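Q: Let me see the structure of the following:
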Amino acid sequence: MKMEIAGRAIGAEFPPLVIAEIGINHGGDLDVAKSMVRLAHLAGCEMIKHQTHIIEDEMTEEAKSIIPPNADKSIWDIMAECALSLDEEAELKAFTESLGMIYISTPFSRAAADFLHSLEVPAYKIGSGECDNLPLIRHIASFGKPVIMSTGMQSIETITASVRILEEAGIPFALLECTNLYPSPPEIVSLRGISELKQAFPKAVVGFSDHSIGPDMCLAATALGASILERHFTDSRYREGPDISCSMDPAELRYLIDRSKEIHVASRNSKQRSSLEEGTYKFARSSVVADRDLQPGQVITEKDIWARRPGSGEIPGYEFDQVVGRTLKVAKTKNEQLRWSDLDG
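A: Model prediction:
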């Protein structure tokens with residue numbers, strides 16, 4: 001399957017789309033957010049993903065007492081401190097697009113989704129926490145834009161209803177395998193989930209949203225066919241914030257983009273000898289040769305011949321068994337290559 005967002009084709013036949021998620025790493029500072037976007041652009045990134053938080057429509061008062069595992073304050077306080085104002089987010093989107101990049105965001109509420117709709121974003125991201133929020137998914141799907149949905153903390157069974165909404169809306173969509181621990185150790189990351197999503201939802205583009213440390217899991221996901229790679233992004237790992245520990249910096253972003261392209265190309269090559277290997281093939285393979293001096297009329301046994309480099313001879317080593325039992329018509333000295341015309345029958 002394939003989809004398109006703002007002219008960027010996404011699917012198995014295209015290089016993976018690497019999404020730099022700035023999220024809330026800017027700490028609520030628009031200038032920092034713009035700097036992160038600029039650095040992502042310089043690293044060759046095509047798409048920025050933000051988070052749109054309208055706190056009062058997103059959470060109830062109970063959220064003021066809930067402290068995430070990767071933080072030391074309530075989720076309410078974190079978002080209140082880190083969210084950009086709506087005017088600032090509009091400015092961030094315009095700045096991103098002025099650099100030729102694609103801007104999308106995760107709306108965490110109905111009001112946030114409506115705001116992004118007013119900004120005419122080309123697609124919506126649905127986070128793992130909202131993956132089973134059926135009314136919000138239905139609301140977002142009603143806009144008719146492509147959707148990228150992370151599936152962390154979910155099973156194939158529990159996301160089926162959400163996927164059905166997207167399918168019934170007739171919109172292109174992608175599903176991202178994801179583990180929601182910040183950072184995620186390899187013991188709980190599921191690369192196998194990529195294949196399971198492909199099998200369970202054949203209409204979906206499938207990708208990987210990574211919260212582990214380093215680029216390795218994303219690169220492995222590429223080899224398994226992930227068409228989208230999403231990671232948190234920061235200008236510096238020395239910043240403070242709940243998502244910094246699993247964020248990539250500009251150098252790692254560039255590395256991920258370049259290496260994932262290479263892996264994508266290599267993963268599509270079939271098992272065969274390429275034309276560029278011909279030079280190596282000629283010297284690296286073997287040819288059938290006489291293993292001792294041989295005389296005309298001699299019936300060749302395995303002890304009479306061997307296979308040795310180079311592969312410039314007429315009879316390759318893999319046809320060794322076809323020479324055994326044939327009668328030699330001409331004399332051969334040790335290590336002289338044999339030809340089919342040297343043999344009877």
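Q: for Ile188, what are its contacts?
A: Ile188 makes contact with Thr179, Leu181 under the criterion CB atoms under 8 Å, 6 or more residues apart in numbering. Backbone N, C-alpha and C define where each C-beta goes, glycine included.
Q: the strands in the stretch 201-345 of the chain, which residues?
A: With strands called from DSSP state E, counting those that start in this stretch, the stretch 201-345 of the chain shows them at 205-210, 228-232, 287-290, 305-308.
Q: Just name the most buried of those.
A: The highest mean neighbour count among these, using mean count of other CB atoms under 10 Å, belongs to strand 205-210: a mean of 29.
Q: so how far is that strand off the chain centroid?
A: Remark: strand 205-210 is offset 7 Å from the chain centroid, using CA atoms, centre = their mean, to the nearest Å.
Q: Paired strands for it, with orientation please.
A: Here strand 205-210 is paired, per DSSP bridges, with strand 173-178 (parallel), strand 228-232 (parallel).
Q: Of those, which is nearest Pro135?
A: strand 173-178 (17.3 Å; CB to CB).
Q: contacts for the longest helix seen in the chain?
A: Scanning the chain for the longest helix, with DSSP state H as the assignment, gives helix 250-267. Residues outside helix 250-267 that contact it (CB under 8 Å, 6+ apart) are 15-16, 18, 20, 39-40, 42-45, 214-215, 218-219, 222-223, 225, 229, 231, 233, 235, 248.
Q: do stretch 281-296 as well
A: Residues from elsewhere that reach stretch 281-296 (CB under 8 Å, 6+ apart): 273, 300, 303-317, 319-320, 323, 328-338.
Q: related to what we said a few turns ago, any chance of the strands paired with strand 205-210 in CSV, plus mean pLDDT?
A: Shown next, in CSV, are these (pLDDT from 0 to 100):
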stretch, mean pLDDT
strand 173-178, 98
strand 228-232, 98
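Q: now those as a markdown table including distance to Ile194?
A: As requested, the strands paired with strand 205-210 are exported to a markdown table (distance: least, CB to CB, whole Å):
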| stretch | distance to Ile194 |
| --- | --- |
| strand 173-178 | 5 |
| strand 228-232 | 11 |
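Q: For this structure, which segments count as helices?
A: Under DSSP H, the chain gives helices at 30-42, 55-58, 75-82, 86-98, 110-118, 134-141, 156-169, 192-200, 216-223, 250-267, 278-284, 320-323.
Q: so which of those gets nearest Ile5?
A: helix 86-98 (12.8 Å).
Q: for the closest one, which positions count as buried?
A: Using 16 or more other CB atoms under 10 Å as the test for burial, helix 86-98 gives Leu86, Glu88, Glu89, Leu92, Lys93, Phe95, Thr96.
Q: Ile10: which of the residues you listed is nearest?
A: Thr96 (18.1 Å).
Q: Show the buried residues in the contacts of helix 250-267.
A: Among the contacts of helix 250-267, those classed as buried by neighbour count (16+ other CB under 10 Å) are 15-16, 18, 20, 39-40, 43, 45, 215, 218-219, 222, 225, 229, 231, 233, 235, 248.
Q: any idea which residue of this structure is furthest from its center?
A: Ranked by distance from the centre of the chain (CA atoms, centre = their mean), the top residue is Gly297, with 62.8 Å.
Q: Tell me the predicted confidence for that one.
A: Looking at Gly297, its pLDDT stands at 96.
Q: Ok, Arg254 next?
A: 98.
Q: and the gap between it and Pro215?
A: Per CB to CB, to the nearest Å, Arg254 is found 10 Å from Pro215.
Q: give me phi/psi at Pro242?
A: The phi/psi pair for Pro242 (degrees, to the nearest 10) reads phi -70, psi -20.
Q: pretty sure it is touching Leu181, no?
A: No. In terms of CB atoms under 8 Å, Pro242 does not count as a neighbour of Leu181; the distance is 11.7 Å.
Q: These two: which is more packed in?
A: Using other CB atoms under 10 Å as the criterion, Pro242 and Leu181 rank with Pro242 on top: 20 against 15.
Q: For the more buried one, give me its contacts.
A: Per CB under 8 Å, 6+ apart, neighbours of Pro242: Ile24, Pro68, Asn70, Ala71, Ile78, Tyr182.
Q: Quick check: the third one touching Ser245?
A: Looking back up the chat, that one is Asn70. Yes. Counting by CB under 8 Å, Asn70 does reach Ser245; the two are 7.2 Å apart.
Q: anything in contact with each of the two?
A: Tyr182.
Q: between these two, who's got more neighbours?
A: Per other CB under 10 Å, whichever of Asn70 and Ser245 has more neighbours is Asn70, with 17 against 14.
Q: and the gap between the more buried one and His232?
A: Noted for Asn70: a distance of 11 Å to His232, by CB to CB.
Q: What is the neighbour count of the closest residue in space to Arg339 that isn't next to it in sequence?
A: The shortest distance from Arg339 to any non-neighbouring residue, by CB to CB, 6 or more residues apart in numbering, is to Glu314 (4.6 Å). Using other CB under 10 Å, Glu314 has 13 neighbouring residues.
Q: repeat for Ser155
A: Neighbour tally, Ser155, other CB under 10 Å: 11.
Q: Next: Glu278.
A: For Glu278, using other CB under 10 Å, the count is 9.
Q: what separates it from Arg285, distance-wise?
A: With distances taken as CB to CB, Glu278 is found 11 Å from Arg285.
Q: cool, Pro122 as well?
A: 52 Å.
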